[in-house]
Every structure is written in C-alpha cells, then in structure tokens.
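Asker: Below is the structure, and that's it, no one-letter string:
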C-alpha cells in the first residue's frame, strides 16, 4: 500500500524529511533503510508529548567520524526544532545486527528521550522495539522487509518512499 505522506501530520512529515536528509548527508549509501514505528504508526500519537521513533538500518556499524557527525546533526536539529528536543529516538543498527537481534548482542548508536546520542549494546530486551517495528512500521527509505528480523507481522508494514521513487528491493 503506497501512501502519499508517512503520517497525517504535515509538520511531522517535514521533520521526517529533514531527519532523512541529515542522516543521508552523513551516512550516504551506508543508510540502507529508515523505519518509522511507535505511536505515529499505531495511531496513538499525541503531538504535544509523543516522540518520533526511527530505526536506521545500516550496511555496517558507524565509525567514530560518522558518530561525531551524527551527534552534531542531532544537536543542530534539536537546537533548530526546540519543541522536538528530547523527543526524537533513532537507533542506528547494522543490517547484520537486525538479522541476529534474537540471538546476539550488538553495538548500536542511539539517541532517545532522556539520553544523549551514545553507543550501547542492543541485547535481547531491545527485541521489544524490534517487535514493535515488525508489527507495524512505515518504510521511509527502502529497501523493504527483507532487511528486518524474521518476526511475525512484517507483512503488515506500509511503504512510504520519501524522495526516492525508485524500485524497492
């Protein structure tokens, strides 16, 4: 099912476009997929208090230079969009780590409400987020489902392809 916009909120759609642009500027082709999940997708989003939840699937783990550039990008974004400061969550995780999230601990870069951008271990407890993505997500940047873990519900995803009308893998 192809949508015109990823969410029913014009402001959020613009923020997603800016975030995607910033992430792509730093990571280029290393960013292989960007997935929106959480309240914006399940329908219980509150514009005054909810956060924006994203998973950035990468071809490999981020290096120190990329980490520093992403940290600056997130800080600049929060300074420019103060109402969204501490309300953006992005987990930068390799495709390999996504595929083995049920069985292996992986290193991810993460920014989330209450936490600065940092490196952490994605253990099995992180699987709860992955199940949330597996149940319902919107694909902001393809490729599609085959990158995500083998979890129930991935057939229910919706596709939204921002600024990249090319074929999906």
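Answerer: All right, it came through fine. Note that this is a predicted model, so its numbers are computed, not measured. Numbers count the residues shown, from 1 in each chain.
Asker: okay, CA-based contacts and neighbour counts for the rest of this
Answerer: OK.
Asker: State the distance spanning the first to the last residue of stretch 83-103.
Answerer: For stretch 83-103, the first-to-last residue distance is 38 Å (Cα to Cα, to the nearest Å).
Asker: quick one: average confidence on that stretch?
Answerer: Averaging pLDDT along stretch 83-103 gives 88.
Asker: Neighbours of residue 50, how many?
Answerer: Residues within reach of residue 50, counting by other Cα atoms under 10 Å, total 15.
Asker: Please identify the buried residues of stretch 50-65?
Answerer: Neighbour counts over stretch 50-65 (16 or more other Cα atoms under 10 Å) mark 51-59, 61-62 as buried.
Asker: got CSV for those, with secondary structure, distance to residue 116 and pLDDT too?
Answerer: What follows is these, written out as CSV (DSSP: H, G, I helix; E, B strand; the rest coil; distance: Cα to Cα, whole Å; pLDDT from 0 to 100):
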residue, secondary structure, distance to residue 116, pLDDT
51, coil, 15, 94
52, strand, 15, 94
53, strand, 15, 91
54, strand, 15, 91
55, strand, 16, 89
56, strand, 17, 92
57, strand, 20, 89
58, strand, 20, 93
59, coil, 23, 92
61, coil, 18, 94
62, coil, 16, 95
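Asker: Pick out the most distant pair among those residues.
Answerer: Across these, the longest distance by Cα to Cα is 25.8 Å; it joins 51 and 59.
Asker: residue boundaries of the strands in the chain?
Answerer: 31-37, 52-58, 88-94, 106-112, 115-122, 138-141, 158-159 (DSSP state E).
Asker: among those, which is nearest residue 17?
Answerer: strand 138-141 (8.9 Å).
Asker: tell me the mean pLDDT over that closest one?
Answerer: 68.
Asker: what number of residues lie near residue 101?
Answerer: Applying other Cα under 10 Å, we find 21 residues neighbouring residue 101.
Asker: picking up where we left off before, among the strands of the chain, which comes closest to residue 69?
Answerer: Here strand 115-122 is closest among the strands of the chain (Cα to Cα), at 11.0 Å.
Asker: rewinding a little: for residue 70, find the nearest of the strands of the chain.
Answerer: Closest to residue 70 of the strands of the chain is strand 115-122 (Cα to Cα; 8.4 Å).
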